[in-house]
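Enquirer: Sequence and predicted structure, then a few things I'm wondering about:
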Amino acid sequence: MRSALLALRAAGVAAVLVAAPATAAYAHDSVSIQVTPSTIAPGGEVELRVSDCKGTTGVARSSAFSRGEANLNGKDGRENPLYGEARINSSIGSGTYEISVDCDGHNHHKVGTVTVVHHRPTHHSTPVSPVYAGGGGTAQLASESAEGGGPGTRHTVIGLVLAGVAAVAVAFRSVRRRRTDAD
């Protein structure tokens, strides 16, 4: 019976010794990354901010990055984050991509993500939802006139005729004034 108790104690000590290194490994798991913007189109550039790295340099890695990795630099390695920039691969598909960070001599897997979306261009001749921000409703009038297509040929001819009449009237008046001044 005594030998059984000794065996159980030995097994318990061995379990504690095996679990201790695993617990120490988790101490580095507080590393996190902030990606700005977190959602971006292919070919765009993101800013990276990594917290809880003790050193002054590191590397962020992701299959979404055009070079596969981005260098990170920091101030003094204490409570200051590491910063970096990465360009998103221009030929990458839409989806969420994981980011890993190497710092302090450790690789921190899956500490953040970046979401890549392909934007579909939309073509609107008028604002989809004009903002009512003063101007006495001019945004609404502008949107209505854009739908009408603007002046046509008839308006152009009328404008030219009126401009011609105005030019003749100015010329006639200036000739008449010269005659009056000459007399």
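Expert: Right, received. Where do you want to start?
Enquirer: average model confidence for the biggest helix by length in the chain?
Expert: In the chain, assigned by DSSP state H, the helix with the most residues is helix 153-182. In this model, helix 153-182 has a mean pLDDT of 86.
Enquirer: Over to stretch 96-115?
Expert: 91.
Enquirer: And for that stretch, what's in contact with it?
Expert: Contacts to stretch 96-115, defined as Cβ atoms under 8 Å, 6 or more residues apart in numbering, come from residues 28-29, 31-35, 38-40, 46, 48, 50, 53-55, 57-64, 72, 82, 88, 95, 116. In this view, the C-beta of every residue, glycine as well, is placed from N, C-alpha and C.
Enquirer: same thing with stretch 44-55?
Expert: 30-37, 40, 58, 60, 70, 72, 74, 77-78, 81-88, 99, 101, 103-104, 111, 114.
Enquirer: Report the strands that pair with the longest strand along the chain, each with its relative direction.
Expert: The longest strand of the chain (DSSP state E) is strand 106-116. Sheet pairing of strand 106-116 (DSSP bridges) gives strand 39-40 (parallel), strand 95-103 (antiparallel).
Enquirer: Of all these, which one is nearest His155?
Expert: strand 39-40 (46.4 Å; Cβ to Cβ).
Enquirer: what does the closest one contact?
Expert: 46, 88, 114-117.
Enquirer: hmm, try it at 10 Å
Expert: 46, 64, 87-88, 96, 114-117, 119 (Cβ atoms under 10 Å, 6 or more residues apart in numbering).
Enquirer: Following the chain past that strand, name the next helix or strand.
Expert: strand 45-51 (DSSP states H and E).
Enquirer: now that following strand against strand 106-116, angle please.
Expert: 140 degrees (axes from the mean of the first three to the mean of the last three Cα atoms, to 10 degrees).
Enquirer: if we can go back for a sec, check which residues of the longest strand of the chain are buried.
Expert: 106, 108, 111-112, 114, 116 (16 or more other Cβ atoms under 10 Å).
Enquirer: now stretch 30-48
Expert: 31, 33, 35, 40, 42, 46, 48.
Enquirer: Save those as JSON lines, and put in distance to Phe172 and pLDDT too.
Expert: Converted to JSON lines, the buried residues of stretch 30-48 look like this (distance: Cβ to Cβ, whole Å; pLDDT from 0 to 100):
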{"residue": "Val31", "distance to Phe172": "86", "pLDDT": "87"}
{"residue": "Ile33", "distance to Phe172": "79", "pLDDT": "90"}
{"residue": "Val35", "distance to Phe172": "73", "pLDDT": "93"}
{"residue": "Ile40", "distance to Phe172": "67", "pLDDT": "91"}
{"residue": "Pro42", "distance to Phe172": "67", "pLDDT": "92"}
{"residue": "Val46", "distance to Phe172": "70", "pLDDT": "94"}
{"residue": "Leu48", "distance to Phe172": "75", "pLDDT": "94"}
